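Chemist: Got a predicted model here, sequence first, then my questions.
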Amino acid sequence: MASNLDYLNPDLLPLEEKLNAYLEAEQEFRRAATQATNLPIDHAAAPGPNDSFEQRPATGSFDQETNEVQQALDNTRADLDALRREIVDMLPVRDEFIKVNLGYGPSRVGAFRLPNSSADAPEYELRIVH
């Protein structure tokens, strides 16, 4: 019976906190990607201040909102990559799942070697089942 409760081990708390941060960052990335995808549609649907008089933008100006959304997307992707590397480093084993507590019963997380990676510097894929 004790093996079914291994996921409640207090030694796994730092890993669980990183996993929760990773899952939140993943949701932020999805939102930013959706916003970046919908940005051209939103600009096309938004009416100008006065559609009868079209005014050209000032020389040297650019669409700052598009740039900000793309920068947020890049920053979130970098955060996700950093969290993924930290989680893989924190895992006690490779190529198998371990049970963790993500707040709603046992969940599983594991780092699995990519088949194309070299033997000298193996690359791992993070898998989370919750």
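Modeler: Structure's in. What do you need?

Chemist: From now on I want contacts and neighbour counts done on CA atoms only, so please keep to that.
Modeler: OK.

Chemist: Identify the residue spatially nearest to Phe29, adjacent ones excluded.
Modeler: Thr76 (5.7 Å; CA to CA, 6 or more residues apart in numbering).

Chemist: tell me which element that neighbour falls in.
Modeler: Applying DSSP states H and E as the criterion places Thr76 in helix 64-90.

Chemist: Would you mark the buried spots in that helix?
Modeler: Under the neighbour-count criterion of 16 or more other CA atoms under 10 Å, helix 64-90 has 69-70, 72-73, 76-77, 80, 83-84, 87-88 buried.

Chemist: and what of stretch 29-43?
Modeler: For stretch 29-43, by 16+ other CA under 10 Å, it's 29, 32-33, 35-36.

Chemist: For Thr66, see how far away the residue positioned nearest the centre of the chain is.
Modeler: Closest residue to the average C-alpha location of the chain: Glu26 at 2.7 Å, with CA atoms, centre = their mean. Using CA to CA, to the nearest Å, Glu26 is found at 21 Å from Thr66.

Chemist: Just give me the longest helix of the chain.
Modeler: helix 13-45 (DSSP state H).

Chemist: What ranges in this structure fall below the confidence cut-off?
Modeler: 1-4, 40-65 (pLDDT under 70).

Chemist: longest strand anywhere in the protein?
Modeler: strand 106-113 (DSSP state E).

Chemist: tilt between the helix or strand that that strand is followed by and strand 106-113?
Modeler: Counting by DSSP H and E, the next helix or strand C-terminal to strand 106-113 is strand 124-129. Per axes from the mean of the first three to the mean of the last three CA atoms, to 10 degrees, the angle that strand 124-129 makes with strand 106-113 is 160 degrees.

Chemist: Any idea how far strand 124-129 is from the middle of the chain?
Modeler: Here the centre of strand 124-129 is set off from its chain's centre by 12 Å, with CA atoms, centre = their mean, to the nearest Å.

Chemist: List the buried residues in that strand.
Modeler: Taking 16+ other CA under 10 Å as the criterion, strand 124-129 shows 124, 126 as buried.
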